[in-house]
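Q: Starting from these lines, generate the structure:
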Amino acid sequence: MPHLETSRRGFLQGSGALVVSFALSGRGPAFAQGAPAAGKTVALNEVDGFLAIGADGRVTVFSGKVDLGTGVRTALTQMAAEELDVPLDRVTVIQGDTALTPDQGPTYGSLSVQSGGVQIRQAAATARRRLIELAAQKLNAAPDSFVTVDGAVKPKAGGRAIPYGELVNGGAFALKIDKEVTTKDPATFKIVGKPVPRLDIPEKTTGRFTYMQDYRMPGMLHGRVVRPAAIGATLESVDDNAAKAIPGVVRIVREGDFLGVVAESEWGAIRAAQALKPTWSNAHNLPEQSRLWEHVRATKVTKDDVTSNVGDVDQALPGAAKTLKATYDFAIHTHGSIGPSCAIAEIKDGKLTCWTASQMTHNLRKQLAAMMRMPDADVRCIYLEGSGCYGRNGHEDAAADAALLARAVGRPVRVQWSRADEHGWDPKGPPTLIDMQGALDTKGDVVAWKSEFFIPEGAAGNVPLVAAELAGLPHETALAPGNIIQNSALPYTLPNIRTTCHRLANTPFRPSWIRTPGRMQNTYANEAFLDELAAAAGVDPLDFRLKYLKDPRGVELLQRLAALTKWEKRPSPQKDIKSDVVRGRGLSYVKYELNRTYIGTVAEVEVNRATGEIRVPRFFVVHDCGQIINPDGLRNQIEGNVVQTVSRTHKEELTFDRAMVTSLDWATYPILTFPEVPDVVIDLIDRPQEKPWGAGEPSAAVVPSAISNAVFDATGVRLRSVPYTPAKVKAALQGT
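A: All right, here's what the predicted structure looks like:
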């Protein structure tokens, strides 16, 4: 992408964009990502915050939600094209540019379509209604005598269709979004609900796509940050003589404990960073990894969030015919982004511009402004898709690094993190510890359920920037692990339930949200323990769930799952488990956050009893997210969730000593390989007349419990500690 500069007057003279309030005059190209803002509104209640229509009838959509490689851009393009009745190829989506796009909140929580897409749909419907009114005024006819088709307004009785560009040319009017506007009847959809190939895939598969890591701009320098020897260490001194002697080095930058180099080339920056000889204080602030769960249990509890409380659990538990107890744990995970984080920052005329793969550019803008002690209005963040994301990884931190280095040298600076930077310094998914208790009566019915989740305090706020903390600059200090209490409560109806989240004052590493934060860990414990109760009752796991599930959509989904998998009704585990390689099936179910997307899954596993290795040859998923925008994209999402979460369940675990992370490469933090990828069989339930719900995260939530349940079915051994490494599996098998 070229570095664009122009005046506001020049932009307006050369632009044919109708920024739909609508500033309708002129002809020429529509907006481009990173183009000058030219006074464009980003108001959430203005149609022109979301849409622009050019004189040629092309539509530009401005989305605060961004595509992280999940196909969101394609889905939003479909929603806008459908509501405006324009061909798909006439719609362009600008994403996450704080000067051009509304602040629709960070791209997380599977809310891009459910929330962001619906806002765009309402803006488009409001604009379409106004276009019809303009045509009616032009022809002195009633608005209900017109229809929209192919980017034009056409009389129902016949006659010339008036293109949108002709209708708005020369006009100018403010237009608020009507949230009660009548959107199109799904029965008339021609684009939404149809499988549309992802718009980003052709350029990605041919190597023409510009990831953040590929972006370059004129006059750009390269920066590297030298990390402390231990988390919490302070910089006592630095010998920079050897680094300064390397050709092309522009500046050694030190600000507090922040230490970096800037050079003319990336290799020069790498060499200079390696040549620096800093002296750091000793720091041993981390717990012993072998005693992690003791540390978690001993951490101060700041408050209890009781997420459900039905009946009287304390009275029901002691008198039950059979009681069960179990403890589950879920390891600390790093994001493990395939492409390490990257950003470019430039300070020019007192204003900061940052090119970033952040999934929260509007929040990052505020963080950078605070760190740099600048007004928010003087900071602009422009989104470019990063190679690797899914959660708040290191992209925001790389942006902060670049901003400090750019300020020091007065030129644009690109900061590319290394693999060790990424694994060592990105924020982590916190450890989760769960205590479960359940009770059955003499008939095998569940009479009590009690669960306690040990998780850090905080929610889905801003994660503190490492550079700001090291440099002693303004920064957040609160924990931001994500909304991790979700799905601690059950989707089932039981007579006595209490689910409690013990919120911990701290956690070993700076936390942030990673794919399906909390919902995965909580669902894992709930659905695995429910299987333990089913086994204790001697009841088929599917029948056991259906007995306590009162939600008709959930029941329908599980019935379809049974049909898809040809489910054989029997209790788990299987009988006569004798062979070296044993096979089993495991079921799991979730209603995401208890108020939206339904997921049912069955994992088929093979367990090698001699080696402890688990293989997942097939995964079945039935998915109900209401109205489906793009079934092809939805399948992509589900497949990606299954693959990534099988990896997290089987292999991924952060390792560390008392000072720092030790799993700094793929050898020490392995992920799933291509031969290990399961076949994913999917049944999509489309409900066109319903609202569209999120589909980015939910199917990941059921994967660990389905695998645990399948391993139990195959071996009679219950796995309660993620990841399910061969060593853990062998130890569990030997304990039977």
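Q: what about dumping the CA coordinates of the helix ranked longest in the chain to CSV?
A: If you go by DSSP state H, the chain has its longest helix at helix 118-139. Extracted as CSV, the C-alpha positions of helix 118-139 are listed here (Å, rounded to 0.1, in the frame of the first residue of the first chain):
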residue,chain,number,x,y,z
VAL,A,118,-26.0,-5.8,12.3
GLN,A,119,-25.0,-2.1,12.7
ILE,A,120,-23.8,-2.0,9.1
ARG,A,121,-27.1,-3.8,8.0
GLN,A,122,-29.1,-1.1,9.8
ALA,A,123,-27.1,1.7,8.2
ALA,A,124,-27.5,0.1,4.7
ALA,A,125,-31.2,-0.3,5.2
THR,A,126,-31.6,3.3,6.3
ALA,A,127,-29.6,4.4,3.2
ARG,A,128,-31.6,2.2,0.9
ARG,A,129,-34.9,3.7,2.2
ARG,A,130,-33.5,7.2,1.6
LEU,A,131,-32.4,6.4,-1.9
ILE,A,132,-36.0,5.2,-2.7
GLU,A,133,-37.3,8.5,-1.3
LEU,A,134,-34.9,10.4,-3.6
ALA,A,135,-36.1,8.5,-6.6
ALA,A,136,-39.7,9.1,-5.6
GLN,A,137,-39.1,12.9,-5.3
LYS,A,138,-37.3,12.9,-8.6
LEU,A,139,-40.2,11.2,-10.4
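Q: Check the offset of that helix from the chain's centre.
A: 33 Å (Cα atoms, centre = their mean, to the nearest Å).
Q: Mind checking what helix or strand follows that helix in sequence?
A: Sequence order places strand 146-149 as the next helix or strand after helix 118-139, per DSSP states H and E.
Q: Low-confidence regions, the chain specifically.
A: Residue ranges of the chain with pLDDT under 70: 1-31, 169-174, 736.
Q: same thing but 50
A: 1-30, 171-173 (pLDDT under 50).
Q: Run through the bridge partners of Ser237.
A: Counting by DSSP bridges, Ser237 is bridged to Thr279.
Q: okay but it is in contact with Trp280, surely?
A: No. Here Ser237 lies out of contact with Trp280, judged by Cβ atoms under 8 Å, at a distance of 9.3 Å. Where C-beta positions appear, they are placed from N, C-alpha and C, glycine not excepted.
Q: Neighbour count: those two, which is higher?
A: Trp280 (20 against 8; other Cβ atoms under 10 Å).
Q: Please verify my assumption that that one contacts Leu235.
A: Yes. The pair Trp280 and Leu235 passes the contact test of Cβ under 8 Å, sitting 6.1 Å apart.
Q: which neighbours do the two share?
A: Residues touching both Trp280 and Leu235 by Cβ atoms under 8 Å, 6 or more residues apart in numbering: Pro228.
Q: wait, is Glu180 part of a helix?
A: No. Read with DSSP: H, G, I helix; E, B strand; the rest coil, Glu180 is coil and lies in no helix.
Q: show me what contacts Val296?
A: 431, 433, 454, 504.
Q: redo that, cut-off 10 Å
A: For Val296, the contacting residues are 287, 329, 430-433, 454-456, 502, 504, 507-508, by Cβ atoms under 10 Å, 6 or more residues apart in numbering.
Q: For the residues you listed, which two are the farthest from each other?
A: Pro287 and His502 (17.3 Å; Cβ to Cβ).
Q: for the stretch 301-450 of the chain, what spans make up the strands?
A: Taking DSSP state E, counting those that start in this stretch, the strands of the stretch 301-450 of the chain run over residues 301-310, 322-330, 342-348, 351-356, 379-383, 413-416, 432-440, 446-456.
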